[in-house]
Every structure is written in C-alpha cells, then in structure tokens.
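Chemist: Quick one, fold the following:
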Amino acid sequence: MENLNPEVIKALTGHANEIVAGSYKNVDQIFKLTDKTENSPELAELAETFGMMSVKIEAREYALENTIEELKKKNSQIELLNSQRSLLSTILVSIVLLITSYIFVLGIIHDQSLSTRLIGKVMTKYPVIEVITLTVIISVVVASKLRMRDFGLTLTGWKRSVWESLVFSALFILLLMLIKYLCVKHIPGLFPETRLFDWSYFGFTYITYLVVAPLQEFLSRGAVQGTLEKILDIRYRGFFAILVTTFLFGAVHIMSSLNLAVVSFITGWLWGWMYHRHKTLVGVSLSHFLIGNISGLMGYWTFLE
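Modeler: Numbers count the residues shown, from 1 in each chain. Now for the predicted structure:
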C-alpha cells in the first residue's frame with residue numbers, strides 16, 4: 001500500500017469529479033499518470049481505466065448531442081411541412097369550392113328561364129364570372145405566402161419543357177388533322193368546311209387565348225394539381241393528382257358543351273402529365289395555346305359547341 005501515492009490518488013479523484021460534472025479538460029492529465037515508471041502498476045492501471053472511461057463517455061455524449069440536434073432539425077422540418085400541408089389543404093379547398101361555384105353559376109346562366117336569360121347574356125358577353133373567379137383564386141394563392149414556383153411559376157427546366165411541348169403538341173395536332181380528314185371523307189356534313197384550316201375562324205378570341213391558356217393552366221395544373229401532389233400521402237399520388245385535376249378541368253368546360261368537356265378531359269391528361277414531369281407552366285401553357293388555337297382553325301371549336 002506504500003506504493004499508492006496519496007497525491008496521485010487525490011489527482012485521480014479530482015479528475016473523476018470533473019468528469020462526473022461533465023468536464024473533460026483534464027483527460028490528458030489522467031493519461032500522464034499511466035506511466036508505470038513514475039507510479040505503481042496499480043495506480044497506472046487505475047489512471048488508464050479512468051482515462052479510457054472518460055474518452056468513451058465524452059464520445060457518447062458528443063454522439064448524443066449530435067443526435068439531439070438532428071432530431072431538433074427534423075422536428076422543425078416536420079412542423080414546417082405540417083404547416084405547409086395545412087395551408088395547402090386550405091388553398092385546395094378554397095379553389096375547389098370556387099371552381100364548383102363557378103360551374104353552378106354557369107348552370108344558372110345557361111338556364112332558359114326568362115329571369116336568367118338577360119343575366120346570362122351579359123355574363124356571356126362580358127366574362128364577369130371568369131374574372132371574379134380568377135381574381136379570388138389568385139388572391140388566395142398570393143395570400144398563402146408560398147413560393148410561386150410551388151404553383152408552377154418558374155423558369156427552371158423551361159427549355160426541356162418547351163421542347164417536349166412542341167413535340168407532343170405536334171403529334172396531337174397531326175392526330176386532329178387525321179381525324180378531320182377521315183370525317184370529311186367518310187362522314188360528309190359533319191364539319192361545315194372541308195378544308196383542314198379555315199382562317200375565317202380567326203378572331204379576337206384567338207389572340208386573348210395567349211392569356212387565357214396560361215391562366216387556365218395556372219388554376220388547374222399549378223394550383224390544383226400541384227397542391228394535390230404535395231398534400232396527398234398515398235402511392236401514385238402523381239397519378240391521382242392528375243386524375244382529380246383532369247375531371248375538374250373537364251367539368252369546368254361541360255357548361256359549354258359535353259363534347260368540349262370530353263375533349264378537355266382528354267387533353268387534360270396530356271397537360272397534367274407534362275406538368276407532373278417538369279413542374280413548370282411554360283411548356284404546358286404553350287401546348288394549351290397551340291392545340292386550342294389550331295384546333296379552332298380546323299373547325300373543332302364550332303364542332304364541339
């Protein structure tokens with residue numbers, strides 16, 4: 001026992017108390033006591049045990065602190081996502097209510113009763129309902145303070161989007177041309193004109209479509225489909241977002257005619273798929289504008305009314 005230096009024992013005890021208090025600044029001093037030439041083998045071994053224990057405790061505490069910090073970050077991210085999902089859900093409900101209200105109002109306007117014919121005439125000539133609906137929906141989106149790119153208003157990936165838009169629009173237009181050619185040849189009288197394109201149809205509506213097409217895409221693909229893809233927590237959520245949006249898009253056009261609603265439903269799948277791929281409204285708006293106007297010049301607008 002005479003080899004157990006009281007000073008060394010006291011030093012080890014002090015270092016051990018510091019470790020218990022959470023301080024590891026004197027760990028190096030502990031390892032200096034492991035020299036068996038200066039201290040007894042028992043004290044050297046005891047010092048080494050204390051030193052290794054303190055190193056392991058420090059490492060575990062460091063790992064625990066990192067884990068706690070990561071959990072805090074993940075918790076903040078989860079809270080932010082929940083907040084955004086709640087906000088997006090509110091936006092989606094508001095937009096759907098506005099769209100369905102828009103359809104009901106159009107139904108009332110198209111009613112043949114005397115009390116609604118005058119109102120319908122004014123509303124049809126001046127797109128009051130469309131303007132009001134657009135204004136309210138845009139206000140809801142802006143008030144959400146979310147990034148506009150979350151609603152497709154971004155130029156990221158616009159080149160690829162435009163390229164694919166031109167390719168698929170061209171293919172779709174070629175299909176429309178083939179359908180009209182076959183109809184003119186085998187079903188005379190179905191189209192009032194036999195030419196593939198009739199520029200007499202061109203008017204002010206075709207020019208305003210440069211604005212109307214992007215606005216429709218902003219509401220349907222950007223606001224509705226984009227929001228659905230973010231809040232749905234199911235498998236194939238992209239598909240279901242396109243499905244719901246396409247049905248809504250077709251339903252909005254049903255007050256013009258059933259034929260137009262069916263065509264809108266078909267093109268809605270194309271534009272929904274394009275938006276799902278690129279998350280930008282540039283290409284899909286261009287496709288909407290091209291297909292809408294060119295199909296009008298082929299006489300499809302008159303045919304679908």
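
Chemist: close enough to count as contact, residue 274 and residue 167?
Modeler: No - Residue 274 lies out of contact with residue 167 (C-beta atoms under 8 Å); the separation is 10.5 Å. (Glycine included, C-beta is placed from N, CA and C.)

Chemist: higher neighbour count, the two?
Modeler: Between residue 274 and residue 167, counting by other C-beta atoms under 10 Å, residue 274 is the more crowded of the two (24 against 11).

Chemist: Now the phi/psi pair for that one, please.
Modeler: Main-chain torsions, residue 274, degrees, to the nearest 10: phi -60, psi -40.

Chemist: For it, give its distance to residue 223.
Modeler: Residue 274 sits 16 Å away from residue 223, going by C-beta to C-beta, to the nearest Å.

Chemist: Over to residue 243?
Modeler: Distance, residue 243 to residue 223, by C-beta to C-beta: 16 Å.

Chemist: Can you pick out the residue with more neighbours from these two?
Modeler: Neighbour count, other C-beta under 10 Å: between residue 243 and residue 223, residue 223 has more, with 26 against 16.

Chemist: element containing residue 19, please.
Modeler: helix 6-20 (DSSP states H and E).

Chemist: Let's test this: name the helix or strand in the chain with the lowest mean pLDDT.
Modeler: In the chain, no helix or strand scores lower on mean pLDDT, DSSP states H and E than helix 114-125, which sits at a mean of 50.

Chemist: tell me what the helix holding residue 19 is packed against?
Modeler: Applying 3 or more C-beta pairs under 8 Å, 6 or more residues apart in numbering; DSSP states H and E, one finds that helix 6-20 contacts helix 27-32, helix 41-109.

Chemist: Among those, show me which one is buried the most.
Modeler: Stretch with highest mean neighbour count among the helices and strands packed on helix 6-20: helix 27-32 (a mean of 16; mean count of other C-beta atoms under 10 Å).

Chemist: ends of stretch 252-262, how far apart?
Modeler: End-to-end span of stretch 252-262 (C-alpha to C-alpha, to the nearest Å): 11 Å.

Chemist: Give the buried residues for it.
Modeler: For stretch 252-262, burial by neighbour count (16 or more other C-beta atoms under 10 Å) applies to 252, 253, 254, 255, 260, 261.

Chemist: Go through the residues you listed and flag which are in helices.
Modeler: 252, 253, 260, 261 (DSSP state H).

Chemist: Which pair of those residues spans the longest distance?
Modeler: Between any two of these, the greatest separation by C-beta to C-beta is 9.9 Å, found for 252 and 260.

Chemist: Backbone dihedrals for residue 257, both of them.
Modeler: When read as degrees, to the nearest 10, the backbone of residue 257 gives phi -180, psi 160.

Chemist: If I look at residue 22, what pLDDT would I see?
Modeler: Looking at residue 22, its pLDDT stands at 66.

Chemist: What segments of the stretch 201-305 of the chain are helices?
Modeler: For the stretch 201-305 of the chain, the helices defined by DSSP state H, counting those that start in this stretch cover 204-217, 226-231, 237-253, 258-278, 281-297, 300-304.

Chemist: what does the fifth one contact?
Modeler: Helix 281-297 is touched from outside by 152-153, 155, 158, 160-166, 168-169, 172-173, 176, 197-199, 201-202, 205-206, 209-210, 213-214, 216-218, 221-222, 267, 270-271, 274-275, 278, 301, with contacts defined as C-beta atoms under 8 Å, 6 or more residues apart in numbering.

Chemist: what's stretch 221-238 in contact with?
Modeler: Here stretch 221-238 makes contact (C-beta under 8 Å, 6+ apart) with 84-85, 88-89, 91-92, 95-96, 99, 137, 141, 150-153, 240-242, 244-245, 248, 271-272, 275-276, 279, 281, 284.
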